[in-house]
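Q: make a model of this:
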Amino acid sequence: AADMAEQCAQLLQKMQRDINCLADSNKFTRKKSLQNLQLDLLGSNAPNPEVLCSLFSGESKLGLAVLRCFADVSDRNRELAVEIVTEVVERAETVETLIPLLVPTFKMRLLSTSNNPHELVETTEEVRLAVVELCRKVMDKPGFDIRVCVDDILPIFARLLMDPFADVRKVACACVVSAVYPPAQAGTEPKTPVEFMNLQGEMVADQLKDSLFTSLKHPHASVRVATLQALEAVVCCGKAAEKILKDEQFSWHVLVADSQPMVRMEVVRVFGHWSATLWDRYSFFDVTLAPLFVLRWDGVPTIGEQAKRMMQKLGELYYAENDNDEQLKMEADFAQDLEAISPSLQMEHQARYGPRPSLGERALVHRITHRSFAPCFKDLSHWTLHMRWQAQLLLRSLLLWGEGAILSEMGPLLSAMSKCWDEEEKA
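A: Numbering: from 1, shown residues only. Predicted structure coming up:
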């Protein structure tokens, strides 16, 4: 420790002139000083990562001087300052000592102090993107603890998710995912949200849901996909699902009607993940399964097959979780007897509608029929064609998967089907 302190003191003495020049009134002098510091800190004779972090931690004059340049009037100087700090973060083994300096800087450059949510502090898109990418790299590093800065970081995310620059929105979505899932789980499935975010799920949802709903309507398909991934992570946080999936602003109808296949494929994955992993998923099956029922008949075969495989997986999971249910066991025995007695009926059904859904899938759908039919019937009378078309696809799936469970809905069902027959548009 004494050797490291001595080494830091020597380096600071060597760079003192350049540190002082960062406060010079001439932008070219500041630029030259930043370039010299970049060479001394990150060049061929750069100090080891531990010393480098020590130079930028705490109340270090070097760290404060470089971070002040994030607000420099010159775009190039701001860019150089961000490059230096980004390289320091990349080389650091842990960012624990850097957080007290970096988070206030992110707040200063990315969050407006006015009430106007569209006002930009950092007006240059490229520099703003570099700062947001720096934020993401900090969050992906060991030593980052969301608990110490959650009140500062969530408002920043809410602002960035509505940024006019598409690339900034995409990186902001990646930041949200990094905030929810610990770095140790990168690349692993299934992921588990950090305990703190689980406990604060309602707060996270309240802070971010409006920005996420807005970003889902962005004209770029890649932004909509990234937003879906961020929304997926937020919904998995404790009780956030109740705040988001039951919100009036949230509509799966818009997502399944997206014109881009890559977005619809992501919808299948995200809603399937919620259906399989949410701790209170049985409460939301009427919301999370509906897009899978509709996209089962998607015009792109790979999307339809993916939705079908997802339903099969969910059926297997439901059957495994309820294998002690006596009613389910009786239905399993009856289904086997029926297949043995009437193979011709099975062949006719398969030729017309495809293979019969598994018992787990049918039992899963039986559980939600009473919650799914009412909104479906309502949407059959909607004034827009795409809503009526989605309702018809949903009804088709409910009839195939629901089987005997539809008997209690025969009155409203016949009335609803007559509306389908009277449909003027040929979809």
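Q: okay, buried residues for whatever helix or strand Leu154 lives in please.
A: Secondary structure assigned from DSSP states H and E places Leu154 in helix 150-160. Of the residues in helix 150-160, 150, 153-160 count as buried by neighbour count, 16 or more other C-beta atoms under 10 Å. The C-beta positions use only the backbone N, C-alpha and C, and glycine is treated the same way.
Q: so for stretch 251-268, what gets flagged as buried?
A: 252-253, 255-258, 263-268.
Q: how far off centre is it?
A: 15 Å (C-alpha atoms, centre = their mean, to the nearest Å).
Q: hmm, who's touching it?
A: 216-217, 221-222, 224-225, 228-229, 271, 287, 290-292, 294-295, 298, 300, 302-303, 306-307, 310, 379, 386-387, 390 (C-beta atoms under 8 Å, 6 or more residues apart in numbering).
Q: still on that earlier bit, out of the buried residues of stretch 251-268, list just those in strands.
A: In strands, judged by DSSP state E, none of the buried residues of stretch 251-268 are found.
Q: which two among those residues are spaced furthest apart?
A: His253 and Met265 (17.2 Å; C-beta to C-beta).
Q: before we move on, the earlier item: and the buried residues of stretch 251-268, which is closest to Leu42?
A: Nearest to Leu42 among these is Glu266, at 37.9 Å by C-beta to C-beta.
Q: all helices for the stretch 1-150 of the chain, in order.
A: With helices called from DSSP state H, counting those that start in this stretch, the stretch 1-150 of the chain shows them at 2-21, 27-42, 49-56, 61-68, 75-91, 99-110, 125-139, 150-160.
Q: nearest to Asp210, out of those helices?
A: So among the helices of the stretch 1-150 of the chain, helix 150-160 is nearest, using C-beta to C-beta, at 7.5 Å.
Q: okay, the angle between that closest one and helix 125-139?
A: Helix 150-160 and helix 125-139 meet at an angle of 140 degrees, taking axes from the mean of the first three to the mean of the last three C-alpha atoms, to 10 degrees as the criterion.
Q: tilt between whatever helix or strand comes next after helix 150-160 and helix 150-160?
A: Using DSSP H and E, the helix or strand that directly follows helix 150-160 along the chain is helix 166-180. Following the same axes, to 10 degrees, one obtains 150 degrees for the angle between helix 166-180 and helix 150-160.
Q: which parts of the helix or strand following helix 166-180 are buried?
A: Proceeding C-terminally, helix 166-180 gives way to helix 195-199 as the next helix or strand, assigned by DSSP H and E. For helix 195-199, the neighbour count (16+ other C-beta under 10 Å) marks 197-198 as buried.
Q: go on, stretch 202-214?
A: 203-205, 207-214.
Q: try stretch 6-20
A: In stretch 6-20, counting by 16+ other C-beta under 10 Å, buried: 7-8, 11, 15, 18-19.
Q: now do that stretch: distance to the chain's middle.
A: 43 Å.
Q: outside of it itself, list whatever touches it.
A: So stretch 6-20 is contacted by 33-34, 36-37, 40-41, 47, 51, 54-55, 61-62, 65 (C-beta under 8 Å, 6+ apart).
Q: top of the residues you listed by neighbour count?
A: Using other C-beta atoms under 10 Å as the neighbour test, the contacts of stretch 6-20 are led by Leu34, with 26 neighbours.
Q: could you measure from that one over to Pro100?
A: In this view, Leu34 and Pro100 are 22 Å apart by C-beta to C-beta, to the nearest Å.
Q: just Asp323 next, same as before
A: 52 Å.
Q: so if I had to pick from the two, which one is more boxed in?
A: Neighbour comparison, Asp323 and Pro100: the larger count goes to Pro100, with 14 against 11 (by other C-beta under 10 Å).
Q: one step back: got the buried residues of stretch 251-268 as a markdown table, with pLDDT and distance to Thr105 columns?
A: Shown next, in a markdown table, are the buried residues of stretch 251-268 (pLDDT from 0 to 100; distance: C-beta to C-beta, whole Å):
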| residue | pLDDT | distance to Thr105 |
| --- | --- | --- |
| Trp252 | 83 | 39 |
| His253 | 81 | 41 |
| Leu255 | 87 | 36 |
| Val256 | 87 | 41 |
| Ala257 | 85 | 41 |
| Asp258 | 87 | 37 |
| Val263 | 93 | 34 |
| Arg264 | 93 | 39 |
| Met265 | 95 | 38 |
| Glu266 | 94 | 33 |
| Val267 | 94 | 37 |
| Val268 | 94 | 40 |
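Q: nearest to Leu120 among these?
A: Nearest to Leu120 among these, with distances taken as C-beta to C-beta, is Val263, at 27.4 Å.
Q: low-confidence stretches in the protein?
A: Applying pLDDT under 70 to the chain flags the ranges 1-2, 58-59, 114-117, 183-191, 325-354, 404-405, 407-408, 419-427.
Q: 50 instead?
A: 337-338, 427 (pLDDT under 50).
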